[in-house]
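> Attaching a predicted model along with its sequence, questions to come.
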Amino acid sequence: MLQADEARRPAAGVPVSSIDPFSIDFFRDPHPVHEALREAGPVVWLEAYESYAAARHAEVREILGDPATFCSRRGVGLSDFQREAPWRPPSLVLERDPPEHDRARAVLNRALSATVMRSLRARFAEAAEALAAELALRGRFDAIADCAEVYPMMVLPDAVGLSKEGREHLLPYAATVFNMFGPDNELRRAALAQMAPHVEWVALQCKRETLASDGIGAMIHAAADEGEVTRQEAELLVRSLLSAGFDTTVHGVGAAMHCLARNPHQFAALKADPTKARAAFEEAVRLESPVQTFFRTTTRDVELGGTPIPEGAKVLMLLGAANRDPRKWPHADR
Ligand code: OVV
């Protein structure tokens, strides 16, 4: 059992940091702070949040590979669902651990299978060509507002089978979900203050009656017809697509454009050999980490990178820092 004051300070010798990885100032230029946290040690104590943090690749991998010890079901934000009620019913994939996670994940995997992706490919490619042609005509454009935020909206809502009305709720909803993972700061309070209409629209979109009969949403509901999940679970799985499918895609496309714009030689190499597109995208996602952080909660006393961590502790994985760990990649920033 966790002693109240045991959770409030780390074991002797654990590096302590006063850095706030959820402040606007930090987001402006996270890389020097990531480096400082990586170099401080394998595990760092974040004074501001009384939680542990891992910024190196090896420890982040260890955490991600051991869900029995570093669990998701107590929430992957700062809030511990065992102490505080979650702001929405927990996600069946994000906020669950094996084996429950795998049952829900299997339903999503089928709805997002290679076969389904192949059936979408022509439409997705046509939309990409049309947008690229239009942007090329303009000559100059904002890669985020005019491309990264536009393209997913051209293809994903139709693929899921959402109603035409109200799609402007999607990106604000996703931003809400991600800001709610953080501490009680300005960003989270702003998310809380404006979320109601987005939450309401998304809940309605998750219903079988609202979804088109030939989309990815309907495929998820078909698993409820088979008794594999309940109707309510099917709705929550559709909600996962609407929570995690849009904003991450915007940031993935945005990361790729950002990296190619800043590395003209790499852009030229890609144009010379377009078969490298997949590798280039993966590398952009490594460099910019569209999802920057998630927490886990310890289910037992454990040692991580030689640091003892008590049961019931929040451990922040700094995915963006781990993705640029020179211990893993000698030229991690390149
Ligand atoms: C990976 C991720 C991020 C945000 C939300 C969800 C998943 C979800 O399942 O709702």
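Noted; the coordinates are in hand.
> near the ligand, which residues of this protein?
If contacts are counted using Cβ under 6 Å from any ligand atom, the residues of the chain sitting beside the ligand are 91, 93-94, 177, 239-240, 243-244. C-beta here means a position set from N, CA and C on the backbone, and glycine is covered the same way.
> Filter those down to the ones in helices?
With DSSP state H as the criterion, helices contain 177, 239-240, 243-244 from among the residues of the chain next to the ligand.
> who touches stretch 54-71?
With Cβ atoms under 8 Å, 6 or more residues apart in numbering as the test, stretch 54-71 has contacts from 34, 37-38, 40, 42-44, 97-98, 101, 296-300, 302, 304-305, 315-319, 321-323, 325, 327-328.
> Pro42 contacts Val315, doesn't it?
No: under the criterion of Cβ atoms under 8 Å, Pro42 makes no contact with Val315, lying 11.7 Å away.
> Between these two, which is the more surrounded one?
Val315 (22 against 18; other Cβ atoms under 10 Å).
> Now do the SS call for that one.
For Val315, the secondary-structure state derived from DSSP: H, G, I helix; E, B strand; the rest coil is strand.
> Can you mark which positions in stretch 223-241 are buried?
By neighbour count, and taking 16 or more other Cβ atoms under 10 Å as the criterion, the buried residues in stretch 223-241 are 223-224, 229, 233-241.
> and what of stretch 197-207?
When neighbours are counted by 16+ other Cβ under 10 Å, the buried residues of stretch 197-207 are found to be 198-199, 201-206.
> Which two among the residues you listed are spaced furthest apart?
Of all pairs drawn from the buried residues of stretch 197-207, the one with the longest distance (Cβ to Cβ) is His198 and Cys206, at 12.8 Å.
> Which among the residues of the chain next to the ligand count as buried?
91, 93-94, 177, 239-240, 243-244.
> thinking again about what came up before, any chance of the residues of the chain next to the ligand in CSV, plus distance to Leu162?
Putting the residues of the chain next to the ligand into CSV (distance: Cβ to Cβ, whole Å) gives the following:
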residue, distance to Leu162
Ser91, 18
Val93, 19
Leu94, 20
Val177, 16
Arg239, 12
Ser240, 14
Ser243, 13
Ala244, 15
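> of the residues you listed, closest to Ala12?
When the residues of the chain next to the ligand are compared for distance to Ala12 (Cβ to Cβ), Leu94 comes out closest, at 34.6 Å.
> Give me the nearest residue to the closest one, chain neighbours excluded.
Taking Cβ to Cβ, 6 or more residues apart in numbering as the measure, Leu94 lies nearest to Val76, with 6.1 Å between them; neighbours along the chain are not counted.
> likewise Val177?
That would be Ser243: by Cβ to Cβ, 6+ apart, it lies 4.6 Å from Val177.
> Need the pLDDT of that neighbour.
The pLDDT attached to Ser243 in the predicted structure is 97.
> do you know how far it is from Gly166?
Using Cβ to Cβ, to the nearest Å, one gets 16 Å for the distance from Ser243 to Gly166.
> Show me where the stretch 151-300 of the chain has its helices.
Using DSSP state H, counting those that start in this stretch, the helices found in the stretch 151-300 of the chain span residues 151-160, 170-179, 186-194, 196-205, 216-225, 231-244, 247-262, 264-272, 277-288.
> For the protein, give me the ranges with low pLDDT.
1-7 (pLDDT under 70).
> what do you get if the cut-off is 90, keeping everything else the same?
Flagging of the chain using pLDDT under 90 yields the residue ranges 1-9.
> Find the residue at the geometric middle of it.
Most central in the chain under Cα atoms, centre = their mean is Val291, positioned 4.1 Å from the mean C-alpha point.
> Surely that residue touches Thr249?
No: taking contacts as Cβ under 8 Å, Val291 lies outside contact range of Thr249: 11.6 Å.
> all strands of the stretch 51-200 of the chain, in order?
Taking DSSP state E, counting those that start in this stretch as the criterion, the stretch 51-200 of the chain carries its strands at 51-54, 70-71.
> export those to JSON lines and tack on distance to Asn109 and mean neighbour count?
Compiled in JSON lines, the strands of the stretch 51-200 of the chain are given as follows (distance: least, Cβ to Cβ, whole Å; neighbours: other Cβ atoms under 10 Å):
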{"stretch": "strand 51-54", "distance to Asn109": "28", "mean neighbour count": "26"}
{"stretch": "strand 70-71", "distance to Asn109": "21", "mean neighbour count": "22"}
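> As JSON lines, those strands with distance to Phe181 would be great.
What follows is the strands of the stretch 51-200 of the chain, written out as JSON lines (distance: least, Cβ to Cβ, whole Å):
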{"stretch": "strand 51-54", "distance to Phe181": "13"}
{"stretch": "strand 70-71", "distance to Phe181": "15"}
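> Lovely, talk soon.
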